[in-house]
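> what follows is a predicted structure for the sequence shown.
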Amino acid sequence: MMEKEKLRRADFVTSVVLLAVGGFILGYTFTMPMKDSWGGVMNVWYVSPALLPLFIGAVIITLSAVLLAHSIRSGGARGFFERLKAKRRGISEANVRFLAILLSLFSFVYLTIPRVDFFLCILWFLLFLVPVFHFDDMGLLRKMSVFYLAGNLLILLIFLSGLNRPLLSVSRYTVDVIVLLLIVSLWIFTRLLVRTDPLRVLRLRVSVIIALAVPLMVVPIFKYGLLVPLPHEGGIIGLMNLVRFGLF
């Protein structure tokens, strides 16, 4: 387990990074129109495409502010600056956690959201982020980060090389299938890492439930409740459309 003092320092660094990311998301979101006219019809604010990133940015800022306040009260900020003054070099646990958070957030915002089915990109993001910090084990963090980075590099390569076009000519959901296979592979890889520890197996099970529950709640609320257009709708959201319009 990570020492309490190190954990508080990691909380401080994490909260500052997340505040910056949340602020960037909100700043970019405010450049989007909340209202606009299409064919002479003025759309209302609650169908604006800015609503979803606005919600995400606000949640990130709120949660990171709570984490920052807790880290300051518990001495995390003081410990961080004392450690900074000591000029210790090397990649510490805090730095590894910092890099893991940056990797997950930047791949989520800039790589998968614009290109992958929104349900799948949330699931891919959370299936890495939730268990990797729920386990609180640096060895698992490093191994899962390498696997997650490799998966994101594969997705990036598909789009940079233009391979997505012939894949989409085979089926419009081919890229979604590849991402789904990556998600299953990440779960299998993590399950193999923790298979000998019953407590971590339980934590993985809880993490998977959380990772599935979030998109199962967020996607219907925004798409069918608030009628907000999602960044990218692929196979899973298409399946949800069939269920939605088949039942109602």
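Cool, got the structure.
> the longest helix in the chain is where?
Looking across the chain with DSSP state H, the single longest helix is helix 4-29.
> buried residues of it, list them for me.
6-19, 21-22, 25-26, 29 (16 or more other C-beta atoms under 10 Å). Where C-beta positions appear, they are placed from N, C-alpha and C, glycine not excepted.
> average pLDDT for that helix, rounded please.
For helix 4-29, the mean pLDDT works out to 80.
> same thing with stretch 199-207?
On average, the pLDDT along stretch 199-207 is 91.
> go ahead and name everything in contact with that stretch.
Residues from elsewhere that reach stretch 199-207, judged by C-beta atoms under 8 Å, 6 or more residues apart in numbering: Leu126, Leu127, Val130, Pro131, His134, Phe135, Asp137, Leu140, Thr190, Arg191, Val194, Arg195.
> got the buried residues for that stretch?
Quick answer for stretch 199-207 (16+ other C-beta under 10 Å): Arg200, Arg203, Leu204, Ser207.
> looking at the residues you listed, which are in strands?
Nothing among those maps onto strands, per DSSP state E.
> the longest helix of the chain - contacts with which helices or strands?
Judged by 3 or more C-beta pairs under 8 Å, 6 or more residues apart in numbering; DSSP states H and E, the packing partners of helix 4-29 are helix 51-73, helix 76-85, helix 93-106.
> in CSV: the ones you listed, plus mean pLDDT.
Shown next, in CSV, are those (pLDDT from 0 to 100):
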stretch, mean pLDDT
helix 51-73, 85
helix 76-85, 73
helix 93-106, 80
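> so which of those comes closest to Gly234?
Distance to Gly234, taken as C-beta to C-beta, is lowest for helix 51-73 among the helices and strands packed on helix 4-29, at 16.0 Å.
> so which other helices or strands are in contact with the helix or strand harbouring Leu182?
Leu182 is located in helix 174-193, with elements delineated by DSSP states H and E. Contacts defined by 3+ C-beta pairs under 8 Å, 6+ apart place helix 174-193 against helix 118-134, helix 138-160, helix 164-170, helix 198-220, helix 235-247.
> kindly recompute the last result at 7 Å.
Counting contacts by 3 or more C-beta pairs under 7 Å, 6 or more residues apart in numbering; DSSP states H and E, helix 174-193 packs against helix 118-134, helix 138-160, helix 164-170, helix 198-220.
> for Glu82, which of the ones you listed is the nearest?
Of these, nearest to Glu82 by C-beta to C-beta is helix 138-160, at 21.2 Å.
> list the buried residues of stretch 211-220.
By 16+ other C-beta under 10 Å, the buried positions in stretch 211-220 come out as Ala211, Val214, Pro215, Val218, Val219, Pro220.
> wait, stretch 223-230
In stretch 223-230, counting by 16+ other C-beta under 10 Å, buried: Lys223, Val228, Leu230.
> so how far does that stretch reach from one end to the other?
One end of stretch 223-230 sits 7 Å from the other (C-alpha to C-alpha, to the nearest Å).
> pull the contacting residues for Leu129.
Ser104 (C-beta atoms under 7 Å, 6 or more residues apart in numbering).
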